[in-house]
Structures are given as C-alpha cells and as structure tokens.
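Trainee: return a 3D structure for these sequence lines:
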Amino acid sequence: MSGELTWDLYLSLSGMKFLEFTIWGAWAPVLASRLLGPLKMTGKQLGWIYGTLPLACILSPMVAGQIVDRWCATELYMAASHLLGGLFLLAAARATRFVPLLLLMACHALCFAPTLALVNSLTFAHLPNPEVNYFRVRVWGAVSWVLIGWVLTMWRRSGKAQVAGADSLVLAAICSFVMGLYCFTLPHTPPAHTGAGALPFVKAISLLGDPNFLIFLVISFIVTTQLQFYHLGTARFLEDIGTSHASIPAAMSIAQIAQVVAMAVILPYIFQPLGYQWILAMGTGFWLVMFLVYARTRPRNLIIASMVLHGLAYAFFFDAAFIYVNRVAPTDIRGSAQGLYTTATLGIGLFVGTQFTGAVMDYFRRDGSFRWRPIFLVPCVLLSLCVLAFAVLFKG
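Mentor: Residues are numbered from 1 along each chain as shown. So this is what the prediction gives:
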C-alpha cells in the first residue's frame, strides 16, 4: 500500500462501497410496509424476516473472515457471494407466504452478511491514512442508498412497478448481480495470515481481553439492539401520519443525505480532534434525539426532518467504530476482527433488536393500529444510558 491515495484506488474502492449499499438500500427501508400491508404479516413475522440479516451476521462473518485471512482472496469471495445472493433475492420477490419468504431471505442474508465486513477489511488493506481517507470512500455508500431510494420512487410513480408487489427485492437482485461482477475488478487482496499460530478468529476473540475494547463492544451491542425501531417502524409510521406509500423511499433518503454530509464535510475535520469516545457518544445521542421527536408523533414535517439525525448517527457511530476496530486489530486478523464486530452488532445486536422491536410493536397494537408514542419511547431509555456509558467508561 502506497502512502498516497491515487485516483485509481479511490474510484475502485468508492465504486465498491457504492454498489454494496444499493443492495441493502433497495429493500430494507420499504419492505416492512409490504409485509405489514398487502401480505398482512404480524409484527413478529416482520421481525423474523428482518432478523434474517442479523442472524446471518452472527453465523457467517467470522467464518468468512477466517477464509479470507487464510485461504481465499477477498474480492473473489465477495464476487461469488453477491452473484449467488442475487438469485435468492429474485426468488424472494415471488414469495408471498411467510415461511418461503423467510427461507429465501435467510439464504440471501448468508451470502450478503459477510460482505459487510469484507468491504471494510479490503478497504483498510489498501487505504492509506484511514482516519482521514476512509470517510471520503465510505461516503459513496450513503450516496448510493439515497439514489436507490429515488430510483425505486421513480419506478413506482412511473406505473411500471407493482406498488403492492416486491419491486424492492427485484431492484436489490439487479444491484447484487452488478456488484458481483464489479468485484472481479477490485484490487487483489490475498490472505494476510501466514498459517502459523492461532486461527485468525481465535486471535480476534482474544481482543476481548482488552477491557476498553470489551466496553466498546458491549455498548455497541446495546445501541444496535435499539436501531430496529427505526428500520422496522419508520415506513409504517410515516404511512400512519399521512405520507403516501410511493413517497416513503424518497422521504427516508433524507437520512442518507445527512450521512453524505457528515462523511464528506464534517467527520474528516472533527474526527481526530474529538477522538473515538466523543464521536461515538455523539452518534448515539443523535439517535436518542430522533426517537424523542418520533415519540411526539407530530408534526409530520418535523418527524421527516428528524431522520437527518439517523444519517448523522450512522456515520458518527458505525464508521468510527470500523476505523477503531482496524486500529486495534493486528494486521493479519483484520478481516476476522471486522467480522467479530459485525457479528456482535449487525448480527447479534440487530437480531435481538428485531425480536424486541417486533414484540413491542405487537404489544402496543390495537385493532390493527400501532400506538407509536409508547413504542418510540422504549429505545430512548437504553440509548440515554449508552450515551452516558460512552462518555464515562470508554476511553478511545
């Protein structure tokens, strides 16, 4: 890795980030509306289908990290994963019953989940000065989430998509195929582990022996359990307060616009002066304020505007965390270390969150209607404690 970020490398890594998040962004913000509406599924069924990706993040990133750290080039593993994952998404688009849809989304998730960690390990393997340059590359993932939401909105308004159908899954499948082919063009990233000594995932788990890293991971886990209130609740919430179904993808893209601004304009300049501790605390605080606004349930324009805080929080919290993991992990296990963080947060954390959120939504559901105020007050309690814990206990 050279000491300077060349244009060729910048464009290659930025394109990878862009395409990676079109896949997730095509279906995650809006599929819940279809499941709760036309398919008439319960909150618990919604939680299980959205829980397939967190479950896959428990099972597969550490295994994938072991493979790419020891045996297989990272870009080839990602290419195969995305091409196969696209096939499962196409099949899921035709499923209308709970069990078949659950199984197909689980198969896609097992393909997609490892790549969330691997795009980071590949980036850090080639990127000079990641504490400055990472945000300039990662910003394109947020841009793609905005654009794919607009594409889905325009497709629906054109009348060529079936609004009550699975257009979001079809779009995600197309994006997955494109990403799979693009992976063959990425910088070659061979296994870094020599094959001697402990297995990479065993060495990654040993990072928990560092009390500061353990505190960081535990707080991160708790924070991510609360984020499914946004992912599972927002689309239906917006409909209930008067937002048209076709406009929801574009409305929710305001969060990613804020994420773009955070990574392109704010974080490169304040990250090093503030440090990991206060960046992570601020990110968690942004989510707390957003849910407090949600709990007011009006006015609608303020609620939509508050999604800016989700974009800021995502950039401040997750992207700072990925850089922190890269900093503390030895070079030969960085793929496994990113896999460990992904397993704990996007895996166990989000899965616990889907089950918890689904149960809370069902508890506060009366005659098919949700009582949104108490639903959104629930995450406010734990997030306020997490802000305090980052400020007092974690030393980054």
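Trainee: could you say which helix or strand contains the residue lying closest to residue 205 once chain neighbours are set aside?
Mentor: Nearest residue to residue 205, sequence neighbours excluded (CB to CB, 6 or more residues apart in numbering): residue 340, at 6.6 Å. For the C-beta atoms, the positions are set from N, CA and C on the backbone; glycine is no exception. Element membership of residue 340 [criterion: DSSP states H and E] is helix 334-342.
Trainee: what lies in contact with that helix?
Mentor: Outside helix 334-342, the residues that touch it by CB atoms under 8 Å, 6 or more residues apart in numbering are 57, 61-66, 68-69, 74, 113-114, 116-118, 120-121, 124-125, 192, 200-201, 203-205, 207, 217, 220, 321-322, 325-326, 328-329.
Trainee: related to what we said a few turns ago, measure the residue nearest to residue 205 to residue 124 for me?
Mentor: Note on residue 340: its distance to residue 124, by CB to CB, to the nearest Å, is 14 Å.
Trainee: these two: which is more packed in?
Mentor: Each of residue 340 and residue 124 has its neighbours counted (other CB atoms under 10 Å); residue 340 has more, 26 against 22.
Trainee: after the helix or strand bottoming out on mean pLDDT in the chain comes which helix or strand?
Mentor: Lowest on mean pLDDT, DSSP states H and E among the helices and strands of the chain sits helix 200-205, with a mean of 67. Remark: after helix 200-205, the chain's next helix or strand is helix 211-225, criterion DSSP H and E.
Trainee: in CSV, could you pull the C-alpha coordinates for that following helix?
Mentor: Extracted in CSV, the C-alpha atoms of helix 211-225 (Å, rounded to 0.1, in the frame of the first residue of the first chain):
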residue,chain,number,x,y,z
PRO,A,211,-11.1,-4.1,28.9
ASN,A,212,-11.6,-1.0,26.8
PHE,A,213,-12.4,-3.0,23.6
LEU,A,214,-14.8,-5.1,25.7
ILE,A,215,-16.6,-2.0,26.9
PHE,A,216,-16.7,-0.6,23.4
LEU,A,217,-18.2,-3.9,22.1
VAL,A,218,-20.8,-4.2,24.8
ILE,A,219,-22.1,-0.6,24.4
SER,A,220,-22.1,-1.0,20.6
PHE,A,221,-24.2,-4.2,21.0
ILE,A,222,-26.8,-2.4,23.2
VAL,A,223,-27.0,0.5,20.8
THR,A,224,-27.7,-1.7,17.8
THR,A,225,-30.5,-3.6,19.6
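Trainee: do you know how far residue 138 is from residue 87?
Mentor: 28 Å.
Trainee: sorry, slip of the keys, the one I care about is residue 296.
Mentor: Note on residue 296: its distance to residue 87, by CB to CB, is 43 Å.
Trainee: more neighbours, those two?
Mentor: residue 87 (16 against 13).
Trainee: ok, now which ones touch the spatially most central residue of the chain?
Mentor: Taking CA atoms, centre = their mean, the centroid of the chain lies closest to residue 346, which sits 6.8 Å from it. Each residue near residue 346 by CB under 8 Å, 6+ apart is listed here: 53-54, 57, 113, 116, 224.
Trainee: show me what contacts residue 49?
Mentor: Counted by CB under 8 Å, 6+ apart, residue 49 has contacts 31, 35, 41, 98, 101-102, 105.
Trainee: that's a strand at it, yeah?
Mentor: No - looking at residue 49 with DSSP: H, G, I helix; E, B strand; the rest coil, it is helix, so not inside a strand.
Trainee: can I get the contacts of residue 346 in CSV with secondary structure, distance to residue 381 and neighbour count?
Mentor: CSV is the format used below for the contacts of residue 346 (DSSP: H, G, I helix; E, B strand; the rest coil; distance: CB to CB, whole Å; neighbours: other CB atoms under 10 Å):
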residue, secondary structure, distance to residue 381, neighbour count
53, helix, 25, 24
54, helix, 21, 26
57, helix, 25, 28
113, helix, 29, 28
116, helix, 28, 23
224, helix, 16, 22
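Trainee: specify which member of these is nearest to residue 188.
Mentor: Comparing the contacts of residue 346 against residue 188 with CB to CB picks out residue 116 as the nearest, at 20.8 Å.
Trainee: quick one: that closest one from residue 382, how far?
Mentor: Counting by CB to CB, the gap from residue 116 to residue 382 is 23 Å.
Trainee: out of the contacts of residue 49, the closest to residue 7 would be?
Mentor: If you rank those by distance to residue 7 using CB to CB, residue 31 comes first, at 36.7 Å.
Trainee: the closest one touches residue 168, doesn't it?
Mentor: Yes - Residue 31 lies in contact with residue 168 (CB atoms under 8 Å); the separation is 5.6 Å.
Trainee: helices - which of the contacts of residue 49 land there?
Mentor: 31, 35, 98, 101-102, 105 (DSSP state H).
Trainee: spatially, which two of these are the most separated?
Mentor: Most distant of these, by CB to CB, are 31 and 98, 13.2 Å apart.
Trainee: which one's more surrounded, those two?
Mentor: residue 31 (24 against 16).
Trainee: ok, now how distant is the closest residue to residue 36 other than its chain neighbours from residue 230?
Mentor: Ranked by CB to CB, 6+ apart and with sequence neighbours excluded, the top spatial neighbour of residue 36 is residue 236, at 5.5 Å. Distance of residue 236 to residue 230, given as CB to CB: 12 Å.
Trainee: compare those two (neighbour count), which wins?
Mentor: Ranked by neighbour count (other CB under 10 Å), residue 236 and residue 230 place residue 230 first, with 25 against 20.
Trainee: assess the claim that that one and residue 311 are in contact.
Mentor: No - using CB under 8 Å as the test, residue 230 is too far from residue 311 to be in contact (10.9 Å).
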